[in-house]
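Q: here is my input; please provide its structure:
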Amino acid sequence: MANATPSAPQPIQIHRPVPAPTVQGEWSVEALQGLLDKPLMDLLFEAQTVHRQHWPAGDIELATLLSVKTGGCPENCGYCPQAAEFDTGVKAEKLMEVEEVVRAAQAAKDAGATRFCMGAAWRAPKDRDIEKVSALIGAVKGLGLQTCATLGMLESHQAQALKDAGLDYYNHNLDTAPEYYTDVVSTRAYQDRLDTLQNVRNAGISVCCGGIVGMGEAPVHRAGLIAQLANLQPYPESVPINSLVRVPGTPLADSEPIDPFDFVRVIAVARITMPKARVRLSAGRQQMGEAVQALCFMAGANSIFYGDKLLVTGNPDVDADVQLLAKLGLNGHRTTTTVLDGHSHSA
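A: Below is the predicted model of the structure:
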């Protein structure tokens with residue numbers, strides 16, 4: 001019997017990784033757009049490869065966020081239910097007392113959180129506000145938790161005062177790309193945000209800075225946001241990526257939801273471009289479902305906000321998070337942090 005004629009070999013398509021810049025600060029929007037446009041499986045593989053080069057597999061940092069001063073903010077950020085000019089049902093409240101914050105921080109620690117973040121709805125705190133928040137920072141530090149605060153714009157002496165109080169991280173998001181920023185907020189300039197980040201960095205506080213996707217921006221604006229973050233010198237130690245929570249009464253309440261796979265792509269590109277940062281899966285998890293969250297962890301997310309609220313919007317409850325991490329074989333890891341070469345490393 002004659003041998004069968006072998007079929008012609010099929011061409012193999014190779015997707016080569018986009019090379020990282022040789023010097024930090026060289027990521028272009030075009031290069032990041034190229035990453036976002038890669039086949040999803042290739043992008044996830046690349047992101048997970050980068051992730052495992054810099055982080056233990058399965059390590060997830062648990063952080064809790066408490067609104068210590070809610071509502072009444074004079075800013076007009078289109079996504080924010082705490083803006084005074086939007087009718088969202090959020091009432092302005094005074095700064096919480098130390099005892100209240102300590103109780104919440106202790107509960108977060110008991111539930112497994114290692115970092116406690118305090119948010120206050122100010123455009124820019126006054127010096128007397130900084131004094132009060134410093135007392136909160138000292139009390140939370142006394143429980144053995146890492147501390148983070150997000151208070152709005154800071155002047156250099158205010159950042160130094162927070163550092164002296166023991167603040168570990170300061171959160172101040174860029175929100176989106178510079179060219180889309182004025183579509184979201186007009187009461188604060190993009191440079192104002194960058195100036196606050198520099199004041200925080202100069203004071204020796206670790207930077208927590210990310211953005212929000214799903215606000216009607218184009219894919220190029222997502223690339224532009226990651227470029228801004230990755231090109232900071234150095235890039236942030238913590239990078240929260242938020243999916244817009246569409247709150248009735250805000251200007252962005254009717255925004256078209258982002259495709260879940262596009263959100264996963266943003267997480268992956270953040271991981272590739274900022275390999276030593278904690279990439280935090282932040283607002284919007286409640287709407288994602290378990291499968292999309294799992295893809296985000298595969299893409300390199302290694303931190304979540306833990307608890308039933310993010311400031312004033314919903315978040316998966318603690319039991320649901322514990323069950324999800326267990327299903328995926330992930331560990332809610334209690335971290336101790338040192339700063340090396342401007343970036344946090346867990347032990």
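
Q: so where does the residue most central in space within the chain fall, helix or strand?
A: Centroid-nearest residue in the chain, with Cα atoms, centre = their mean: residue 240, separated by 0.4 Å. Secondary-structure assignment from DSSP states H and E places residue 240 in strand 238-243.

Q: same question for residue 56.
A: Element membership of residue 56 [criterion: DSSP H and E] is none; it lies in no helix or strand.

Q: picking that back up, was I right about the residue nearest to the centre of the chain contacting residue 171?
A: Yes. In terms of Cβ atoms under 8 Å, residue 240 counts as a neighbour of residue 171; the distance is 7.2 Å. The way it works is simple: take the backbone N, C-alpha and C, and place the C-beta from them, glycine included.

Q: can you list residues touching both of the two?
A: Counting by Cβ atoms under 8 Å, 6 or more residues apart in numbering, the residues touching both residue 240 and residue 171 are 208, 209.

Q: which intervals of the stretch 1-150 of the chain have sub-threshold pLDDT?
A: The model of the stretch 1-150 of the chain has pLDDT under 70 over residues 1-25, 72, 74, 76, 78, 84-89, 92.

Q: what ranges does it have for its helices?
A: With DSSP state H, counting those that start in this stretch as the criterion, the stretch 1-150 of the chain has helices at 29-36, 40-54, 98-110, 127-141.

Q: quick one, what contacts the residue nearest to the centre of the chain?
A: Under the criterion of Cβ under 8 Å, 6+ apart, the contact partners of residue 240 comprise 171, 173, 208, 209, 210, 280, 282, 283, 303, 305.

Q: what do you get for residue 209?
A: Residues touching residue 209, when contacts are defined by Cβ under 8 Å, 6+ apart, comprise 171, 172, 173, 174, 197, 229, 232, 236, 238, 239, 240.

Q: counting neighbours, which of those comes out on top?
A: Of all the contacts of residue 209, the most densely surrounded is residue 236 (30 neighbours; neighbours counted as other Cβ atoms under 10 Å).

Q: make sure that residue is indeed in a helix.
A: No. Under the criterion used here (DSSP: H, G, I helix; E, B strand; the rest coil), residue 236 is coil, not part of a helix.

Q: so what are the sheet partners of the lengthiest strand in the chain and their directions?
A: Criterion DSSP state E: the longest strand present in the chain is strand 59-69. Here the strand partners of strand 59-69, with direction, are listed using DSSP bridges: strand 115-120 (parallel), strand 303-305 (parallel), strand 331-333 (parallel).

Q: out of those, flag the one nearest residue 251.
A: When those are compared for distance to residue 251 using Cβ to Cβ, the nearest one is strand 115-120, at 20.7 Å.

Q: chain center to the closest one, what's the gap?
A: Here strand 115-120 shows a centroid-to-chain-centroid distance of 13 Å under the convention Cα atoms, centre = their mean, to the nearest Å.

Q: please save the CA atoms from that strand in PDB.
A: Only the C-alpha atoms of strand 115-120 are listed here, as PDB (Å, rounded to 0.1, in the frame of the first residue of the first chain):
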ATOM      1  CA  ARG A 115      -3.600  48.100  54.600                       C
ATOM      2  CA  PHE A 116      -6.200  50.600  55.800                       C
ATOM      3  CA  CYS A 117      -7.000  53.500  53.500                       C
ATOM      4  CA  MET A 118      -8.800  56.600  54.700                       C
ATOM      5  CA  GLY A 119     -10.700  58.800  52.200                       C
ATOM      6  CA  ALA A 120     -12.000  62.400  52.800                       C
END
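
Q: which other residues reach that strand?
A: The contact list for strand 115-120 (Cβ under 8 Å, 6+ apart) reads 61-69, 95, 101, 105, 108-109, 129, 133, 136-137, 140, 143, 145-152, 168-169, 171, 208, 305, 311, 335.

Q: cool, stretch 46-63 as well?
A: Outside of stretch 46-63, the residues that reach it under the criterion Cβ under 8 Å, 6+ apart are 17, 38, 111-117, 148, 267-269, 271-272, 275-276, 278, 280, 297-300, 302-306, 321, 325, 329-333, 335, 346.

Q: need the strands paired with strand 59-69 in JSON lines (columns: mean neighbour count and distance to residue 51).
A: JSON lines is the format used below for these (neighbours: other Cβ atoms under 10 Å; distance: least, Cβ to Cβ, whole Å):
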{"stretch": "strand 115-120", "mean neighbour count": "25", "distance to residue 51": "19"}
{"stretch": "strand 303-305", "mean neighbour count": "24", "distance to residue 51": "12"}
{"stretch": "strand 331-333", "mean neighbour count": "17", "distance to residue 51": "14"}
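
Q: relative to residue 247, which of the ones you listed is closest?
A: With Cβ to Cβ, the closest approach to residue 247 among the strands paired with strand 59-69 belongs to strand 115-120: 15.5 Å.

Q: and that closest one with helix 127-141, angle?
A: 160 degrees (axes from the mean of the first three to the mean of the last three Cα atoms, to 10 degrees).

Q: number of residues surrounding the nearest residue in space to residue 253 that is not next to it in sequence?
A: Distances taken as Cβ to Cβ, 6 or more residues apart in numbering place residue 246 nearest to residue 253, at 5.0 Å, with adjacent residues excluded. Neighbouring residues of residue 246 were enumerated by other Cβ under 10 Å; the total is 18.

Q: thanks a lot, see you next time.
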